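> sequence and predicted structure below; questions after.
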Amino acid sequence: MKTQNIRGRLLASSTICGAAFLALCATQARAQAAAAPAPAEVSEVVVTGSRIPQPNLTSISPIDVVTGQEFKLQGATDAIALINTLPQNFQNSAADFSATSNPLSSPGGISTADLRGLGPQRTLVLVDGRRLGIGDANTGNPNPAPDLNQIPTPLIDHVEVLTGGASATYGSDAVAGVINFIMKHNFQGIQIDGQIGVNQHSQNDRMGIQGLLRAAGDLVPKSDVWDGSSHDLSIVVGANGMDDKLNVSAYFVYHTQRPVTQAARDYGACLLRVTGGTTPFCSGSTNSNQFFQATGQGPGINNNTGFTVIGNQFLDYATAPNTGVPPLVFNSNPFQYLIHDDTRYMAGFFSHYEVSTNLDVYADFSFMNDRSVTKIAPSGLFQGSGPSPNGGYLVNCNNPLLSSQEANTLCSPAEIASGSSVDLIYGRRSIEGGPRSSSYDHNNYRAVLGARGEIPELEGWKYDVYGSYYYTTLFQSNDNYLSNRRVQNALQAVSVNGVPTCTSVVNGTDKACVPYNIFTEGGVTPDQIKYLNSRGTSYGKITETIVEADITGDLGRYGVKSPWADDGVGVSVGAQDRRQKYTYAPDENELSNDLSGFGGASTAVNASLGVTEAYGEFRAPLVQKRPFVEELTFDAGYRFSHYSTDVDADTWKVGLQYAPIPDIRFRASFNRAIRAPNILELFNPQAVTNTSEVSVDPCAPTSTGPATATLAQCMNTGVTAAQYGNGGSTNKIVQCPAGQCAVLNGGNRNLSPERASTYTVGFTVQPSFLSGFTGSVDYWNIKLLNTISKIPLAFTLNQCLTTGNPIFCANVVRNPAGLLFGTSVAGGGFINGTSVNIGANRVSGIDFQAAYRLPLGMIGLSDDYGSLTFNFVGSELIESKSTPTPGAHTYDCAGLFGPTCQTVNPNWRHNLRVSWQTPWPLLLSAQWRYIGATKLETNTNDQTLSNGAFDAFDAKLKSVNYFDLSGIWTVRNGLTIRAGVNNILDQDPQILNAAIVGTGLPNAYPTYDFLGRQIFVAFTANF
């Protein structure tokens, strides 16, 4: 309706409302509206969190507003690039996705928001107040959520970020909050916008990392690099017709991002490990040139340290020189992408035709094709991932590729003579095959068709009826992986007329087989790699259909109002039907776990889920314009949901707003919210996959020492005394390779909805004695019960080790060899991470917002000097508590980081932007982004988080200050040029032990800037 369209234009025309809030935007909007004719209903708008048009831009629930101009000043061409800078949003590498996601993750190519760190699945994303569907069909993503890549940033008018639950208004998922992207409508003319960007970084040798690289024989990156260029182009065309009753606004957006590898940054160029909590060193993966015998022990085997291949000899791994090819330890980091390769096309339109005040027909359509690629280190034979029951590979003792020394090291003369096989847990990097790559091709379609208007013959009543169809597809290709099946065939070879020949060729089961000569340096040929390399593909799609109808009414037209108020009671009632279908079909290579180093078998799903809902809401001004009561308003809402799984849910809300005088307004709200289990949580088949959430098996020796857990503790987890030995020299348990143990993931059809109680209490001020200033302070509290989640893997393992509690120990399943890195459910070797309704969470904090526009004439300068605008948003995290199981100890991650807390949880974060509208056609802007210090969880006294050892090296992440500069120059009417530099001081992220942040990341958390200075130049031309 016209009301909404005018609202969009007014907010867009304000100088900067980014990271401010509705009241200041309203003040600026009204001031501009006063200078031009406007309909009387311009002040009536719909605010995120309510469906009732309101007489002003106040909201009972706290809302942070980011305008489209903020995206331009930040040079953000991806929506997530700006959302991730907001203090309310968290980045958890174990759950969230962006352009700098962990490249070892099987899913990818998407971006997700995560308000308050409760997980992306608990943040509801809307476009123009309507739900955005899940963006990725990969069943390997346990937290499916909308993909923000499909939001065309040039079309963003502003973004409203609401704190707390909103399920009574929008339904499931609105637990931590809502992000509502309000798009530009009613555009007229042609607008062309282009931007180029590049990263510049000077290696800072933080914490002496370059010396560690040299000591390990790794390459040190160039001292000064320019990389990661990006190019963006958008075209928006809009026109009115039919006496201005019709408007169509169409757009096309192109985006490309070049990749950057971790080799380009010194802090990420190797896998950092720390010994004794004090001494860092560059390490790597022993999945390079090391093997163990899975069962028994050959005549020349030292099965504690394993063996390596030097020349054509097996040498003891612990004493062998690091001269072999591959080396003793493989540095995977240089191959891994820091930011992935991406090309994106988007197109669509927004349209409406106002037939009359009773009928405004609207239609929206959007399309996105996003193709992204990420690369990681070469494939190989990975310890514990082979096809044998023990996770090894069978090598026949009379294999002609074995030298005499090697054969006699593995086998007895009788075994050589009989050609029997030994089971080897082999780690051998396929350096001859090049890096592995994953490409993600996402296609998104979204169509909305609806009608709205005034209800004839019913004064004060309006309706809105629409249907939406959302369709997204994924084609994923995983290339350059060795085939476990082919490797096993190629390791079984015999001599045929003096020529090494695969047994499978002799018996006719695999005529293409080429023997794999990993027993001699330089023995691997291109023909062998051609045979061994394999590809895995998968295709998935998600459809979501929504039909919704609601009516809103002003009962004041019928005299329904408080005797002490001028405005009447507003109401809204409606119903929604939402249906979702999820299909994912990996090929046989992925389903059978044939890709070596892929992390486990993929799972297929074909399931549907539906919900039918009815809702109502009212808003009642109780007192207005009375002494000491400028306004007192009460609102409430209720929603009933019936799911196709035969589960019913109720949600509701109440709120109160009190303004004793126009200058100050107090507000409080309570919401009972839910999150129903999604399709994957209900129906995803169980599968075992690798995880860096638990990177070290405490019952296995490491490269720096014996097992850290005692025999008694390890026996709780299923280890035998024979396997444990003395914990060191006679310990037979192989350590989790590449810093990744295994987890069992999967759905649970018996899940019930999560329940959340959220409340906020705060106030806003807009003092009449300080024109142009608005401020707010809000306390928020979110209590989540019946949480759908896996019990944190580190918690499960530690509780089993230390308490022997059978509830936890039943979820630690070792394979027959005692290993904790299996590949199948039947074979064991994992920690159970399937979803259950068992946990509880509580997060709370205080949000601060302030905005002030200061004409410089007010401080004694000439008005010709222009004005300054200040925008501040900060968030204090008071608590972030988790109770993994009923009756378990509750731990608090506020102010901490680590493997159980999973991400960085600073007590304080803020953004402050100061902009100067100069006397010239030039806007200059500076931003200060602050992330507070955090401490390592294991160094605390918390009985769940502490491991009893003090880690001095990783003890604290210091506070970080980022500074950004940008400017917009109006060259002439219709042409602007903008430029900026983010992170102008080129701050490096603080490096940590990779075992803490997770293998695959550049020894740092994605909370911090990875790329250095980010420079951009852009233009906007309007015709």
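Right, received. Where do you want to start? Quick caveat: nothing in here was measured; it's all calculated off a predicted structure. Numbering: from 1, shown residues only.
> any stretches of the chain with poor pLDDT?
For the chain, residues meeting the criterion pLDDT under 70 lie at 1-45, 54-58, 295-304.
> residue contacts, Ala687?
Gly600, Ala601, Ser602, Thr603, Leu744, Asn745, Gly746, Val825 (C-beta atoms under 8 Å, 6 or more residues apart in numbering). (Glycine included, C-beta is placed from N, CA and C.)
> from those, which ones fall inside strands?
Cross-referencing these against strands under DSSP state E gives Leu744, Asn745.
> can you list the contacts of Ala687 in JSON lines and add distance to Asn786 and neighbour count?
Below are the contacts of Ala687 laid out as JSON lines (distance: C-beta to C-beta, whole Å; neighbours: other C-beta atoms under 10 Å):
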{"residue": "Gly600", "distance to Asn786": "28", "neighbour count": "24"}
{"residue": "Ala601", "distance to Asn786": "30", "neighbour count": "21"}
{"residue": "Ser602", "distance to Asn786": "29", "neighbour count": "27"}
{"residue": "Thr603", "distance to Asn786": "25", "neighbour count": "22"}
{"residue": "Leu744", "distance to Asn786": "22", "neighbour count": "24"}
{"residue": "Asn745", "distance to Asn786": "20", "neighbour count": "24"}
{"residue": "Gly746", "distance to Asn786": "19", "neighbour count": "22"}
{"residue": "Val825", "distance to Asn786": "26", "neighbour count": "16"}
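> and the contacts of Ala687 as JSON lines, adding distance to Val274?
Formatted as JSON lines, those follow (distance: C-beta to C-beta, whole Å):
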{"residue": "Gly600", "distance to Val274": "28"}
{"residue": "Ala601", "distance to Val274": "33"}
{"residue": "Ser602", "distance to Val274": "34"}
{"residue": "Thr603", "distance to Val274": "36"}
{"residue": "Leu744", "distance to Val274": "29"}
{"residue": "Asn745", "distance to Val274": "29"}
{"residue": "Gly746", "distance to Val274": "34"}
{"residue": "Val825", "distance to Val274": "34"}
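> ok, of the contacts of Ala687, which one's closest to Ala810?
Ala810 lies nearest to Leu744 out of the contacts of Ala687, by C-beta to C-beta, at 11.9 Å.
> please name the bridge partners of the closest one.
Beta-bridge partners of Leu744, counted by DSSP bridges, are Val688, Asn832.
> Gln657 contacts Glu630, correct?
No: the pair Gln657 / Glu630 is not scored as a contact, 10.5 Å apart, by C-beta atoms under 8 Å.
> between these two, who's got more neighbours?
Gln657 (22 against 17; other C-beta atoms under 10 Å).
> which helix or strand lies directly C-terminal to whichever strand or helix holds the more buried one?
Counting by DSSP states H and E, the element that carries Gln657 is strand 648-661. Using DSSP H and E, the helix or strand that directly follows strand 648-661 along the chain is strand 664-675.
> from the chain's centroid, how far away is the following helix or strand past that next one?
Using DSSP H and E, the helix or strand that follows strand 664-675 in sequence is helix 679-683. Centroid separation for helix 679-683 versus its chain: 19 Å, with C-alpha atoms, centre = their mean, to the nearest Å.
> over to stretch 331-350?
14 Å.
> contacts for stretch 967-980?
Taking C-beta under 8 Å, 6+ apart as the rule, stretch 967-980 contacts 72-75, 921-925, 964-966, 1015-1023.
> can you check stretch 507-522 too?
For stretch 507-522, contacts defined as C-beta under 8 Å, 6+ apart pick out 309-312, 324-325, 381, 399, 401-403, 406, 426, 428, 486-487, 489-491, 493, 500-502, 504-505, 523-525, 527-528, 530-532.
> which ChimeraX command selects the buried ones in those?
Buried residues among the contacts of stretch 507-522 (16 or more other C-beta atoms under 10 Å), as a ChimeraX selection:
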select :309,310,312,324,381,399,401,402,403,406,426,428,486,487,489,490,491,493,501,502,504,505,524,528,531,532
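> can you flag which of the contacts of stretch 507-522 belong to helices?
Judged by DSSP state H, helices contain the following of the contacts of stretch 507-522: Glu406, Arg486, Val487, Asn489, Ala490, Ser504, Val505, Asp527, Gln528, Lys530, Tyr531, Leu532.
> my guess is Thr77 contacts Leu233. True?
No: Thr77 lies out of contact with Leu233 (C-beta under 8 Å); the separation is 10.0 Å.
> tally of neighbours for Gly194?
Each residue near Gly194 was counted by other C-beta under 10 Å, and the total is 15.
> what are the phi and psi angles of it?
Torsion angles at Gly194 (phi, psi; degrees, to the nearest 10) stand at phi -140, psi 150.
> pretty sure it is touching Leu233, no?
Yes: the criterion here is C-beta under 8 Å, and Gly194 meets it with Leu233 at 4.9 Å.
> what's across from Arg428 in the sheet?
In this structure, Arg428 bridges to Ser288, Leu381 when assessed by DSSP bridges.
> using CSV, write out every CA atom in stretch 387-403.
C-alpha atoms of stretch 387-403 as CSV (Å, rounded to 0.1, in the frame of the first residue of the first chain):
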residue,chain,number,x,y,z
PRO,A,387,37.5,-49.8,3.6
SER,A,388,38.7,-52.6,6.0
PRO,A,389,36.7,-53.1,9.3
ASN,A,390,39.5,-51.4,11.2
GLY,A,391,39.6,-48.4,8.8
GLY,A,392,42.7,-49.7,7.0
TYR,A,393,43.9,-50.9,3.6
LEU,A,394,44.8,-54.5,2.9
VAL,A,395,48.3,-55.0,1.2
ASN,A,396,49.3,-58.4,0.1
CYS,A,397,52.6,-59.5,1.4
ASN,A,398,53.8,-60.7,-2.0
ASN,A,399,53.0,-57.4,-3.7
PRO,A,400,55.8,-56.9,-6.3
LEU,A,401,55.9,-53.2,-5.5
LEU,A,402,57.2,-53.9,-2.0
SER,A,403,61.0,-54.0,-1.7
